[in-house]
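Colleague: pasting the structure only:
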């Protein structure tokens, strides 16, 4: 007869770390960030702003971190790596080129209207 003790941590930490790419640090960051978002959502409910994403799972938990962990376990929230320095530099260069093209086009249109 197998009996398993029901822990306070539900879902299990092992299940959560597999969803956070086997990194406890990513799990902590992801859970804390989402818990802050959930807390802010509940805080602004009376104001009617509706700019924040509500909890993505039905939960009996009352604490934002527990709800965040349940969302991670249900694959509703996934970790995303921040962009690298090279990606940021490429995006900045592309934005600068687009701004230069727009300025050149505006200058051409301004000369033709005179």
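Modeller: Looks like it arrived, so ask away. For clarity, every value in this text was computed on a predicted model and none was experimentally measured.

Colleague: what's the helix or strand for residue 104?
Modeller: Residue 104 is located in helix 85-113, with elements delineated by DSSP states H and E.

Colleague: so how far is that helix from its chain's centroid?
Modeller: Averaged C-alpha coordinates place helix 85-113 at 30 Å from its chain's average position (CA atoms, centre = their mean, to the nearest Å).

Colleague: and what of stretch 23-38?
Modeller: 9 Å.

Colleague: re the thing from before, which positions within the helix holding residue 104 qualify as buried?
Modeller: By neighbour count on 16 or more other CB atoms under 10 Å, the buried set for helix 85-113 is empty. Every residue, glycine included, has its C-beta placed from N, CA and C.

Colleague: same question, stretch 59-73
Modeller: So, applying 16+ other CB under 10 Å, buried residues of stretch 59-73: 59, 64, 66-73.

Colleague: closest to residue 43 out of the residues you listed?
Modeller: residue 64 (10.1 Å; CB to CB).

Colleague: and the helix holding residue 104, what does it pack against?
Modeller: Packing partners of helix 85-113 (3 or more CB pairs under 8 Å, 6 or more residues apart in numbering; DSSP states H and E): none among the helices and strands.

Colleague: give the rounded mean pLDDT of it.
Modeller: The average pLDDT for helix 85-113 rounds to 86.

Colleague: C-terminal to the lowest-mean-pLDDT helix or strand in the chain, what's the next element?
Modeller: For the chain, the helix or strand with the lowest mean confidence is helix 13-19, at a mean of 84 (criterion: mean pLDDT, DSSP states H and E). The helix or strand immediately downstream of helix 13-19 is helix 24-43, counting by DSSP H and E.
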